[in-house]
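Chemist: Here is my input; please provide its structure:
(chains A and B)
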Amino acid sequence: MTWRCLLLLASLAVSPLIQANTVQVSQEVVGSCEFGAMPTIVFPPTTVPQVQRIVSSWELRCTAGLAVTAQVNGTHGTGSGDHVLRAPNVPATSWIGVRVFRTTTDTSATYSLVNPYSITGTGDWQSIPIVFESRTTAARPVGVYSTVLTITLIF
Amino acid sequence: MLKRLLPLLLLVASSHSVAKGWEEPTTMNTCQIGTIPPAVFPTVVGGAVPVSTVNVAVPVMCSTGVAWSLRVADRGLNPISTNNRMKHTTANQFIVYQVRRTSDLVQMQPGGNAVTGTGNGSWQTAGISLRHVTGNTARVGTYTDTITLSLVF
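Modeler: Numbering: from 1, shown residues only, chains lettered A, B, ... in the order given. Predicted coordinates:
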């Protein structure tokens, strides 16, 4: 008993004292973008659907140095393959697949979730290339096929 | 019975006197951490985050002759591996950084390196530095973290 008490006293005597306080750490990351003119794409009328590509562009102005990724989504979802956006007729009984590329030499769809377009802002207006491909070749009912594609910027 | 209790009574009396004997030095040998200014990294444009360092002077006051050491008690609110992270206020995005000793830029980790000194009865400063690791990329927004420091004496 006595020995235990002595040990306790010794322990109390050497225990360090501690004061604590906190440090608030922060950082601001800034940047902004705005859209300019956006294209309207009209594929030539055809009796039999065929693969066609139209080269176009859209405009963007972002803070100089800002890293931006752009991806395209369709309002009617995707068809066969994650990158094929649906352009239905009205009323929607059928659809034509559309793919979006960055250049005419692209072989896999870009602007997609898995392959977004990476852009660095310059502070000035930039013309960003975009290529639309109508890719359905099977017969389709007569009609007008259309969709609205949305470009989403992530920065 | 009295013979059996006598040693214990003596011990109690002795420990009491020892305790009283320790009280005065204990109350005199005090330390405190003052108000720590916020550590604010430079504002940057979204994308690759350039490595930068923020020095923080932590105010420490200890009684004369008291040895003190300032340590990190944790790796902040969003630790990863041996590093700290600031978190985007709304998104699940992070900026990774380390806490280092300003004097030699050695990383400070819980239970590891400390900034040490000896009290002189006046306010002193313990220098810590916060430094990004390389390779951070960040989206636009505000990133924050809170680190707890311990002053041991």
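Chemist: and the residue in chain B positioned nearest to chain A, what is it in contact with?
Modeler: Closest residue of chain B to chain A, C-beta to the nearest C-beta: B:G47 (3.0 Å). C-beta coordinates here come from the backbone N, C-alpha and C atoms, glycine included. Contacts for B:G47 (C-beta atoms under 8 Å, 6 or more residues apart in numbering or on different chains) come out as A:31, A:65-67, A:120, A:155, B:137-138.
Chemist: If the most centrally placed residue in chain A is in a bridge, with which residues?
Modeler: In chain A, the residue lying closest to the centroid (C-alpha atoms, centre = their mean) is A:Q71, at 3.3 Å. Under the criterion DSSP bridges, A:Q71 forms beta bridges with A:T152.
Chemist: close enough to count as contact, it and A:I130?
Modeler: No. In this structure A:Q71 lies outside contact range of A:I130 using C-beta atoms under 8 Å: 11.7 Å.
Chemist: residues shared between the contacts of the two?
Modeler: Jointly contacting A:Q71 and A:I130 under the rule C-beta under 8 Å, 6+ apart are A:Y111.
Chemist: mind checking which helix or strand of chain B has the lowest mean pLDDT?
Modeler: helix B:2-28 (a mean of 43; mean pLDDT, DSSP states H and E).
Chemist: now the helix or strand B:T146 falls within: mean pLDDT?
Modeler: Taking DSSP states H and E as the definition, B:T146 sits inside strand B:141-152. Across strand B:141-152, pLDDT averages out at 97.
Chemist: Name every strand pairing with that strand and say which way it goes.
Modeler: Strands that pair with strand B:141-152, judged by DSSP bridges, come out as strand A:18-30 (antiparallel), strand B:67-72 (antiparallel), strand B:84-88 (antiparallel).
Chemist: hmm, back to that, among the contacts of B:G47, which pair sits farthest apart?
Modeler: Pairwise distances among these were taken by C-beta to C-beta; the largest, 14.4 Å, belongs to A:T120 and B:A138.
Chemist: who has more neighbours, those two?
Modeler: B:A138 (24 against 15; other C-beta atoms under 10 Å in any protein chain shown).
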